[in-house]
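A.B. asks: Next come a sequence and a model predicted from it.
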Amino acid sequence: MRTSELDLNDRNFESATAHGLVLVFFWEQWESGCRREWKLINEAGEVVGEQVRIGRCSVEDYPELAERLAVRSIPTTIILRDGKEEERLVGLRHERTLIKHLRKHLEKEA
């Protein structure tokens, strides 16, 4: 696990996403596509480095949080900056695509 990886829930979501660039992955561990996507997200995170914190949230364990953020299907990846949604990706992505999206948001900081 990366040092910047976060297990997000109802209690820590606001504080964990309030500052900086955070990729939040809404998923279910039992779903094979979600497990594959989580692996790719971590690999993409290794490429872009510690500039992006990566978190995940189980929609089964925290349905109110998923509902509040309008997560309708899994996997859903939301990129937040300082607590505000900048981009939403629904469905499976390739690692290169994830890296491209993350780098686009990192360039905004520069």
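C.D. replies: That came through, no problem.
A.B. asks: got the buried residues for the biggest helix by length in the chain?
C.D. replies: When the chain is parsed with DSSP state H, its longest helix is helix 32-48. For helix 32-48, a neighbour-count test (16 or more other Cβ atoms under 10 Å) marks 34, 37-38, 40-42, 44-45, 48 as buried. C-beta coordinates here come from the backbone N, C-alpha and C atoms, glycine included.
A.B. asks: what do you get for stretch 78-92?
C.D. replies: 78-81, 89.
A.B. asks: What is the nearest of those to Lys104?
C.D. replies: Ile79 (9.1 Å; Cβ to Cβ).
A.B. asks: wouldn't Asp61 be in contact with Arg11 here?
C.D. replies: No - using Cβ atoms under 8 Å as the test, Asp61 is too far from Arg11 to be in contact (11.9 Å).
A.B. asks: neighbour-wise, which of these two wins?
C.D. replies: In this comparison of Asp61 against Arg11, neighbours counted by other Cβ atoms under 10 Å, the higher total goes to Asp61 at 13 against 10.
A.B. asks: give me every residue that touches the residue nearest to the spatial centre of the chain.
C.D. replies: Centroid-nearest residue in the chain: Val24, 2.1 Å away (criterion: Cα atoms, centre = their mean). With contact taken as Cβ atoms under 8 Å, 6 or more residues apart in numbering, Val24 is in contact with 8, 17, 55-57, 77-80.
A.B. asks: Using JSON lines, please lay out these together with secondary structure and distance to Arg93.
C.D. replies: Shown next, in JSON lines, are those (DSSP: H, G, I helix; E, B strand; the rest coil; distance: Cβ to Cβ, whole Å):
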{"residue": "Leu8", "secondary structure": "coil", "distance to Arg93": "19"}
{"residue": "Thr17", "secondary structure": "helix", "distance to Arg93": "20"}
{"residue": "Gly55", "secondary structure": "strand", "distance to Arg93": "17"}
{"residue": "Arg56", "secondary structure": "strand", "distance to Arg93": "15"}
{"residue": "Cys57", "secondary structure": "strand", "distance to Arg93": "17"}
{"residue": "Thr77", "secondary structure": "strand", "distance to Arg93": "7"}
{"residue": "Ile78", "secondary structure": "strand", "distance to Arg93": "13"}
{"residue": "Ile79", "secondary structure": "strand", "distance to Arg93": "12"}
{"residue": "Leu80", "secondary structure": "strand", "distance to Arg93": "17"}
